[in-house]
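K.L.:
Sharing a sequence plus its predicted fold:
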Amino acid sequence: MKHLPLTLVALAAAASLAACDKKQATTTEAAAPPAAPAAAPAAPASDMAGMPMAADAKMAKGTGTVTAVSADSITVDHAPIAEANWPAMTMAFKASPELAKSVKAGDKVVFDLKLQGGGGEITAIRKP
């Protein structure tokens, strides 16, 4: 129940951004095509909300509760993950179809992550 307000805020923010994007798309469709962009310097790899991540992959461990499962991802309400400098949050992780089939919403889990490019991929998951 404590995650409901946070979820509602996240959904409202996403809807607001989607509305802004639609408005901008309509405006830019009528405008002349923009000039070719200049090459921008490469930004350092980072994940959500400015939490820094290394550019190359590293491994991490996490614990949490599965909140959703799809064919190629598992969403987990996880405790802080120190190796990634992430606070506790709910997020979706890539996962192989075999791993996704091994859990269901509501399962308490311990999982291994491969961290790369600001996100993570579950490489192993089990019920404690």
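P.N.:
Structure's in. What do you need?

K.L.:
now the helices: where do they sit in this structure?
P.N.:
When assigned using DSSP state H, the helices of the chain occupy the ranges 4-30, 97-101.

K.L.:
ranking these by mean pLDDT, which is last?
P.N.:
When the helices of the chain are ranked by mean pLDDT, helix 4-30 comes last with a mean of 50.

K.L.:
What helices and strands are in contact with the strand with the most length in the chain?
P.N.:
Counting by DSSP state E, the longest strand found in the chain is strand 58-69. When contacts are defined as 3 or more C-beta pairs under 8 Å, 6 or more residues apart in numbering; DSSP states H and E, strand 58-69 packs onto strand 73-78, strand 108-116. For glycine as for every other residue, the C-beta is placed from the backbone atoms N, C-alpha and C.

K.L.:
Now do the buried residues in that strand.
P.N.:
60, 62, 64, 66, 67, 69 (16 or more other C-beta atoms under 10 Å).

K.L.:
just to revisit the earlier point, most tightly packed of the helices and strands packed on strand 58-69?
P.N.:
strand 73-78 (a mean of 21; mean count of other C-beta atoms under 10 Å).
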